[in-house]
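A.B. asks: Build the 3D model from these lines:
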Amino acid sequence: METTRLTLRLPPELASQAADVAAQQGLTMNAFIVQAVRNWVTYQGKRLGSTGLPSTGPVRSSARAITAPPVQTVPKVGANDPCPCGSGQKYKRCHGRP
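C.D. replies: Numbering: from 1, shown residues only. From the prediction side, this is the model:
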């Protein structure tokens, strides 16, 4: 596995909290940061619809899995339907103009 070296500047209170959580999980600070980045990338991949990172085996974590917020679906507005802004005009005459 190829690795990249990162230099992180954490605020002191965040660094101490991260060190405490890493110690509780039995991880080094480096392993804890790698796990956090892996979880974040996986979450963002799921949120954006991609598969995220390839599986590298089980991740030791006692934290709850982060779930993506629900996606709101908006019905498609036809050109001759009333505009959803509430103006009373047809969509094509209000917000549907090019």
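A.B. asks: Any stretches of this protein with poor pLDDT?
C.D. replies: Low-confidence segments of the chain (pLDDT under 70): 1, 50-66.
A.B. asks: Just the buried positions in the biggest helix by length in the chain, please.
C.D. replies: Selection of the longest helix in the chain by residue count, based on DSSP state H, yields helix 29-48. When burial is assessed from 16 or more other C-beta atoms under 10 Å, helix 29-48 yields the following buried residues: 32, 33, 35, 39, 42. (C-beta placed from N, C-alpha, C; glycine too.)
A.B. asks: So which elements touch it?
C.D. replies: Other elements packing on helix 29-48 under the criterion 3 or more C-beta pairs under 8 Å, 6 or more residues apart in numbering; DSSP states H and E are helix 12-25.
A.B. asks: how far out from the middle of the chain is the helix it packs on?
C.D. replies: Relative to the chain's own centre, helix 12-25 is displaced by 22 Å; criterion: C-alpha atoms, centre = their mean, to the nearest Å.
A.B. asks: Also stretch 85-98?
C.D. replies: Here stretch 85-98 is found 34 Å from its chain centre; the criterion is C-alpha atoms, centre = their mean.
A.B. asks: Output it in PDB with nothing but the alpha carbons.
C.D. replies: Extracted C-alpha coordinates of stretch 85-98, given in PDB (Å, rounded to 0.1, in the frame of the first residue of the first chain):
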ATOM      1  CA  CYS A  85     -43.500  29.900  -6.500                       C
ATOM      2  CA  GLY A  86     -47.200  30.700  -6.000                       C
ATOM      3  CA  SER A  87     -47.400  33.600  -8.500                       C
ATOM      4  CA  GLY A  88     -50.400  32.100 -10.200                       C
ATOM      5  CA  GLN A  89     -48.800  32.100 -13.600                       C
ATOM      6  CA  LYS A  90     -47.900  29.100 -15.700                       C
ATOM      7  CA  TYR A  91     -44.400  27.800 -15.100                       C
ATOM      8  CA  LYS A  92     -43.300  28.600 -18.700                       C
ATOM      9  CA  ARG A  93     -44.200  32.300 -18.200                       C
ATOM     10  CA  CYS A  94     -42.700  32.600 -14.700                       C
ATOM     11  CA  HIS A  95     -39.600  30.600 -13.600                       C
ATOM     12  CA  GLY A  96     -39.500  28.400 -16.700                       C
ATOM     13  CA  ARG A  97     -38.200  31.100 -19.000                       C
ATOM     14  CA  PRO A  98     -34.800  30.400 -20.500                       C
END
